[in-house]
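In: I'll drop the sequence and a predicted model, then ask my questions.
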There are 2 protein chains.
Amino acid sequence: MIDTVAFMKIITIKDIAREAGVAPSTVSAVLNGKSKEMRISTGLSKQIRELAAVMGYHPNHTAVSLRTGKTKVLGLIVEDISNIFFAALAKTIEDEADTIGFKVLYCSTENDEQKAKERIRMLTQHQVEGFLLTPTHGMQEEVIRLAEKNKPIVLMDRYFPGIDIPYVVVDNYEGAKMGVQHLIAKGRKRVAFVTVKLGQVQMELRKQAWEETMALHGQTDTGKLLLEMPYHNRPEAAISSIMEFLQANPGIDAVFFATNYLGVYGLEALKNLQLNIPGDLGVICFDDHDIFRLYPPGITIIRQPVQEIAKVAMQLLMEQFGTVHKSSCAGSQRKLEPELIVRGSS
Amino acid sequence: MIDTVAFMKIITIKDIAREAGVAPSTVSAVLNGKSKEMRISTGLSKQIRELAAVMGYHPNHTAVSLRTGKTKVLGLIVEDISNIFFAALAKTIEDEADTIGFKVLYCSTENDEQKAKERIRMLTQHQVEGFLLTPTHGMQEEVIRLAEKNKPIVLMDRYFPGIDIPYVVVDNYEGAKMGVQHLIAKGRKRVAFVTVKLGQVQMELRKQAWEETMALHGQTDTGKLLLEMPYHNRPEAAISSIMEFLQANPGIDAVFFATNYLGVYGLEALKNLQLNIPGDLGVICFDDHDIFRLYPPGITIIRQPVQEIAKVAMQLLMEQFGTVHKSSCAGSQRKLEPELIVRGSS
DNA sequence: CTGAAAGCGCTTACAG
DNA sequence: CTGAAAGCGCTTACAG
């Protein structure tokens, strides 16, 4: 029984110190590779290291964090971690964080303002050293407050226009413009735009680009070509919304879906309506992941370089680690180039 | 300048105590809702709570953790968080954890044994209160060690045969059998099986079910119908492997893909070879997510109920929170029913 | 009803 | 070369 208890015991630096007959601080120094600086004899160092290994010592990170003020944890807040785009983001962020010894706490907001605020509070209490967020409209205030407190923070995928917080996004306007131009070049006239009503800047920019590019080509009456849906429709609801929309507007000869999931739902709607791609319809989606790679050719993708976004975001975050004054972060707003991926011929 | 510094200062319980003219322990009691037990006057309680709010107090979770020994953090280790299946798992786990006030640290192993071990060590140091893992073969030893230390732990999607650690999986054997039977009932004879060579139990069970079900229907010579690929082929490599395999074995009239990503790659291979589904080929994949919902009908899916898996896993984990002796966890191995989703007619 | 003290496990000056 | 002490921010007995 005593054996069992001894086995269960969690080994601390004190235990090792006692065993080695030295002070805890000596053990700490050795285990942190400061034997040289502290001029601790090589023999003692070795003995302590071996003892630690044998006894199965693992530093209690919580204690280290409290003492040093460094948790080595980052907070990641996305719209929905199960969305393939955000999942890909999470993966690259994990990899990048790993290279500098950080772990990641993740949260999904589902575009819920209350939830988003609560998540920020939680992560703050957990003492994360930096925030990586895909912000929703309602988070603006909280995010600004964080920035004022000099918390390292980077926005991804979206940002708050006019507010000086580092962000990295794809050039949404340019990307959408490229897409619309591509469809028009292929002879499409009435390019519909299917989006979600959230007031988020990336969505607005895509819509604006569509509208203005259409106008540039003589299509000024775009009202009937626009479908704006509420968020969080169940797939079925979204699919039938899109079907109704298409049926009510028979002139449409191409559809631009503003996000990857809209694309997924939209394609199902098109299939249900027996519309051909690209025969009857030109289709464009915004996405990175190759969810669409298996679809019939003719679906064009505006590629958001998700890996790059994550990498640049981590870079911008790390730049803030050293920094005290927010002002030096000005100009850390990055717009990455989108890529038009035309698949097959249309 | 002083103002700025004052603004930046992080408020602690001490600050509030000083301001209120009481002891830190009183503040702590009030803020933890223990005013009643500690019989602190309602007036004082209210004053302290207001002061905390005004001063912008947020408890330092690290300190709380160190003192109480509870981090309220769970560790999630998956094969690859960017895989849609694991991403979906992560989402439900996040939601479930949230209901009991836990956050989640995630890690991907990419089936790398070294990485997996290192991740477990990291999470241990971070004092996570429980582990949710999709284990790889090489993790067995470390996982057993964790269990011996009475760390709450649940395996998902896979497990270690013969080792008494709680897990929740889909019934892989039954699922694969259902799939093969479905194809055979549709008149397919030479059902190929495409899998990945990792020695993981869920893969072996699927293969075994395929082999035995085939044998049951008189197909004993399955050697030529089996493609076992190494893991971590780049998509292109996987796709051409599958293409070569199919070309080298012209008699094949159906393919069973053992995982969702194999299905994605496989379908691209089939498309490249201009093989019709279901005209020329019957196809089956293992997956939960509706990645495949948009494909031509005829692709059948063995559904792994990812949400249920995550929910049951959290349940099994929580059951361990109270428990001291591992023995009481015996019988917490759950096999969920798979579902055969036949899409369209074939 | 409230406060002083100890302590969670570590690291970091500092003293010798 | 090494150790004793203080302290990170909290909570939890315990004393009054």
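Out: In hand now; what should we look at?

In: Spatially, what comes nearest to A:Lys9 if we skip its sequence neighbours?
Out: Leaving aside its sequence neighbours, A:Lys9 sits nearest to A:Asp15 (C-beta to C-beta, 6 or more residues apart in numbering or on different chains; 7.8 Å). All C-beta spots, glycine's among them, are computed from the backbone N, C-alpha and C.

In: The one you found reaches A:Met55, doesn't it?
Out: Yes - contact criterion C-beta atoms under 8 Å: A:Asp15 and A:Met55 qualify, at 6.6 Å.

In: who's more crowded, the two?
Out: Neighbour count, other C-beta atoms under 10 Å in any protein chain shown: between A:Asp15 and A:Met55, A:Asp15 has more, with 17 against 13.

In: contacting residues for that one?
Out: By C-beta atoms under 8 Å, 6 or more residues apart in numbering or on different chains, the residues touching A:Asp15 are A:9, A:55, A:57.

In: So what does it look like in phi/psi?
Out: Torsion angles at A:Asp15 (phi, psi; degrees, to the nearest 10) stand at phi -60, psi -40.

In: Please determine how far it is located from DNA strand D.
Out: Between A:Asp15 and DNA strand D the computed distance is 15 Å (C-beta to the nearest atom of the strand, to the nearest Å).

In: burial count for A:Gly322?
Out: 8.

In: So is stretch A:95-106 next to DNA strand C?
Out: No - when contact is scored as C-beta under 7 Å from any atom of the strand, no part of stretch A:95-106 falls within range of DNA strand C; the minimum is 13.1 Å.

In: Can I get that stretch as CSV, trimmed to CA atoms?
Out: Extracted C-alpha coordinates of stretch A:95-106, given in CSV (Å, rounded to 0.1, in the frame of the first residue of the first chain):
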residue,chain,number,x,y,z
ASP,A,95,2.3,23.7,-36.3
GLU,A,96,3.6,27.2,-36.2
ALA,A,97,3.0,27.6,-32.5
ASP,A,98,4.7,24.3,-31.9
THR,A,99,7.9,25.6,-33.3
ILE,A,100,8.1,28.2,-30.6
GLY,A,101,6.9,25.9,-27.8
PHE,A,102,3.3,27.2,-27.6
LYS,A,103,0.1,25.2,-27.3
VAL,A,104,-3.3,26.4,-28.4
LEU,A,105,-6.6,26.7,-26.7
TYR,A,106,-9.4,26.9,-29.3
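
In: Need the residues that contact it.
Out: Counting by C-beta under 8 Å, 6+ apart, A:72-78, A:81, A:90, A:93-94, A:123, A:126, A:128-129, A:310-311, A:314, A:318, B:73, B:90, B:94, B:103-108, B:122-123, B:126 sit against stretch A:95-106.

In: By mean pLDDT, point me to the weakest helix or strand of chain A.
Out: When each helix and strand of chain A is scored by mean pLDDT, DSSP states H and E, helix A:2-8 comes last, with a mean of 43.

In: Before we move on, what's the pLDDT of the residue of the stretch 151-300 of chain A at minimum distance from DNA strand C?
Out: Closest approach between the stretch 151-300 of chain A and DNA strand C, counting by C-beta to the nearest atom of the strand: A:Pro152, at 19.5 Å. Per-residue pLDDT puts A:Pro152 at 95.

In: repeat for A:Gly138
Out: Per the predicted model, pLDDT is 86 at A:Gly138.

In: ok, back up a step: ok, the residue of the stretch 151-300 of chain A closest to DNA strand C touching A:Glu129?
Out: Yes - if you go by C-beta under 8 Å, A:Pro152 and A:Glu129 touch, sitting 6.7 Å apart.

In: Which residues are in contact with each of those two?
Out: Between them, A:Pro152 and A:Glu129 share the contacting residues A:Phe321, judged by C-beta under 8 Å, 6+ apart.

In: Which of these two has more residues huddled nearby?
Out: Per other C-beta under 10 Å, whichever of A:Pro152 and A:Glu129 has more neighbours is A:Pro152, with 23 against 18.

In: Contacts only, for that one.
Out: Shown in contact with A:Pro152 (C-beta under 8 Å, 6+ apart): A:129-131, A:317, A:320-321, A:323.

In: and the two most separated of these?
Out: Spatial extent of those (C-beta to C-beta) is set by the pair A:Phe131 and A:Thr323 at 14.6 Å.

In: Which residue of those two possesses the greater neighbour count?
Out: A:Phe131 (23 against 12).

In: Please identify the buried residues of the helix or strand hosting the more buried one?
Out: If you go by DSSP states H and E, A:Phe131 is part of strand A:130-133. Neighbour-count burial for strand A:130-133 flags A:130-133 (criterion: 16 or more other C-beta atoms under 10 Å in any protein chain shown).

In: Counting by contacts, list what the helix or strand just after that strand packs against.
Out: Sequence-wise, the next helix or strand downstream of strand A:130-133 (DSSP H and E) is helix A:140-148. Judged by 3 or more C-beta pairs under 8 Å, 6 or more residues apart in numbering or on different chains; DSSP states H and E, helix A:140-148 is in contact with helix A:113-125, strand A:153-156.

In: could these be laid out in TSV, adding mean neighbour count and distance to DNA strand D?
Out: Output for the helices and strands packed on helix A:140-148, formatted as TSV (neighbours: other C-beta atoms under 10 Å in any protein chain shown; distance: least, C-beta to the nearest atom of the strand, whole Å):
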stretch	mean neighbour count	distance to DNA strand D
helix A:113-125	18	9
strand A:153-156	25	21
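
In: and the closest residue to A:Ile252 other than its chain neighbours, bridged to which residues?
Out: Closest residue to A:Ile252 in three dimensions, ignoring its sequence neighbours and counting by C-beta to C-beta, 6+ apart: A:Ala192, at 4.6 Å. Here A:Ala192 sits in beta bridges with A:Val255, as judged by DSSP bridges.

In: surely A:Met55 meets A:Lys14?
Out: No - A:Met55 lies out of contact with A:Lys14 (C-beta under 8 Å); the separation is 11.4 Å.

In: can you give me the helices in chain A?
Out: For chain A, the helices defined by DSSP state H occupy A:2-8, A:13-20, A:24-31, A:42-55, A:61-68, A:84-99, A:113-125, A:140-148, A:172-185, A:201-216, A:235-248, A:260-272, A:306-322.

In: quick one: which of those is nearest A:Phe292?
Out: Closest to A:Phe292 of the helices of chain A is helix A:260-272 (C-beta to C-beta; 6.7 Å).

In: Tell me which other helices or strands that closest one touches.
Out: Counting by 3+ C-beta pairs under 8 Å, 6+ apart, helix A:260-272 packs on strand A:191-196, helix A:235-248, strand A:254-257, strand A:282-287.

In: what does the average pLDDT come to for it?
Out: Across helix A:260-272, pLDDT averages out at 88.
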